[in-house]
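> predicted model and sequence follow; I will ask about them next.
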Amino acid sequence: MEKRPVLAIDDEFYVTKAIHHMMEQDGVRCIIKTDPLLALDIIRAENPLVVVLDINMPGKDGLTLCKEIKSAYPGITIYLLTAQGKSEDVEAGLKCGAAEYITKPFSPTDLRKKIRAIYSSFYHS
């Protein structure tokens, strides 16, 4: 059985590229996009297990998108990855349904561990 992919959406290409590289090393397919308006169509077609999502993006902000994803696909784990680190930002991010709120600059190793834990519990439970 092929593992469900990770979807990374961030308008900063180097961020999505770094996530893609890590996931590929772990044998997990990673879909990267810079346009948040494509997210729901991709989720419907690809059924990702994890979505890594920036907040500040053109077209649609990550908080709105997070709410939409969690409403339509409550089983998807969402990690918000953003430069906004005020306590009210974190609270808003968690309130919209994100599993974690990670501030940039971030530790790719820590993000990788979090994603590995989701895959490990999903595929070995």
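In hand now; what should we look at? Only a predicted model underlies this, so the values are computations on that prediction, with no experimental measurement involved.
> quick one: contacts for Ile31?
For Ile31, the contact set (CB atoms under 8 Å, 6 or more residues apart in numbering) comprises Pro5, Val6, Leu7, Ala8, Ile42, Glu46, Pro48. (Glycine included, C-beta is placed from N, CA and C.)
> adding secondary structure, pLDDT and distance to Ile55, write the residues you listed out as a markdown table.
Formatted as a markdown table, the contacts of Ile31 follow (DSSP: H, G, I helix; E, B strand; the rest coil; pLDDT from 0 to 100; distance: CB to CB, whole Å):
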| residue | secondary structure | pLDDT | distance to Ile55 |
| --- | --- | --- | --- |
| Pro5 | coil | 97 | 22 |
| Val6 | strand | 97 | 18 |
| Leu7 | strand | 97 | 16 |
| Ala8 | strand | 96 | 14 |
| Ile42 | helix | 96 | 18 |
| Glu46 | helix | 96 | 22 |
| Pro48 | coil | 97 | 18 |
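> which regions of the protein sit below the pLDDT cut-off?
For the chain, the stretches with pLDDT under 70 are 1, 125.
> where's Thr34 relative to Ala99, distance?
Thr34 sits at a distance of 22 Å from Ala99 (criterion: CB to CB, to the nearest Å).
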